[in-house]
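# Give me a 3D structure for the following:
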Amino acid sequence: MNAGALEDLYEQLAHQLSQVVGFIYPNEVETHWSILIVVYPYLTGIVAGAFILASLVKVFNVVEVQPIYRLALLTALSFMLIAGMPLQLHLGHPERAYEIFVTPQPTSAMAMFGFVYLWYLLGILLVEVWFEYRHQ
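Just a heads-up that it's a prediction; the model follows:
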């Protein structure tokens, strides 16, 4: 890069920075969503779709989807176990995720959704899989 082009670049940067009022924080630089944030609703959609498909058999007695009932249950369970991973990896400190359950904040949407997520996983999905795969 020659000196004239570099000087022109510095002038453009100085002009842009002169219009900035206040502070620029490091987390404000990236304005687009990362791929990890986009993957989370995709995975939870797979969980919900598989669970609804499995529920059609037991709740609404739809015999057309009876052959894939057990596969849909296992699909919902397997994707449910990994669905929260993209959010945890995006946050930067996944090792602190347990703090939501140890010291919950009732006004925090993330903490309350963590309890709903855990209730759905343990209270509904695991119990239904256990009932389906237990020995009669």
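# List the contacts of the helix ranked longest in the chain.
If you go by DSSP state H, the chain has its longest helix at helix 35-58. By C-beta atoms under 8 Å, 6 or more residues apart in numbering, the surrounding residues in contact with helix 35-58 are 62-63, 65-66, 68-69, 72-73, 75-76, 79-80, 82-84, 86-87, 89-90, 125, 128. (Glycine included, C-beta is placed from N, CA and C.)
# Show me which of the residues you listed are buried.
69, 72-73, 75-76, 79-80, 83-84, 86-87, 125, 128 (16 or more other C-beta atoms under 10 Å).
# hey, where'd the helices end up in this structure?
Going by DSSP H, the chain shows helices at 3-18, 35-58, 69-82, 85-91, 99-102, 109-118, 126-133.
# by contact count, what packs against the first one?
Put plainly, it is helix 3-18. Contact here means 3 or more C-beta pairs under 8 Å, 6 or more residues apart in numbering; DSSP states H and E; on that basis helix 3-18 packs against no helix or strand.
# Quick one: distance of that helix to the chain centre.
41 Å (C-alpha atoms, centre = their mean, to the nearest Å).
# Could you export it as PDB, CA atoms only?
What follows is helix 3-18, C-alpha atoms only, in PDB (Å, rounded to 0.1, in the frame of the first residue of the first chain):
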ATOM      1  CA  ALA A   3       1.800   6.300   1.300                       C
ATOM      2  CA  GLY A   4      -0.900   8.300  -0.500                       C
ATOM      3  CA  ALA A   5      -3.500   5.600  -0.200                       C
ATOM      4  CA  LEU A   6      -2.600   5.000   3.500                       C
ATOM      5  CA  GLU A   7      -3.000   8.700   4.200                       C
ATOM      6  CA  ASP A   8      -6.300   8.800   2.500                       C
ATOM      7  CA  LEU A   9      -7.500   5.800   4.600                       C
ATOM      8  CA  TYR A  10      -6.400   7.700   7.800                       C
ATOM      9  CA  GLU A  11      -8.400  10.700   6.700                       C
ATOM     10  CA  GLN A  12     -11.500   8.700   6.100                       C
ATOM     11  CA  LEU A  13     -11.100   7.000   9.500                       C
ATOM     12  CA  ALA A  14     -10.600  10.300  11.300                       C
ATOM     13  CA  HIS A  15     -13.700  11.700   9.600                       C
ATOM     14  CA  GLN A  16     -15.800   8.600  10.700                       C
ATOM     15  CA  LEU A  17     -14.500   8.700  14.200                       C
ATOM     16  CA  SER A  18     -15.200  12.400  14.600                       C
END
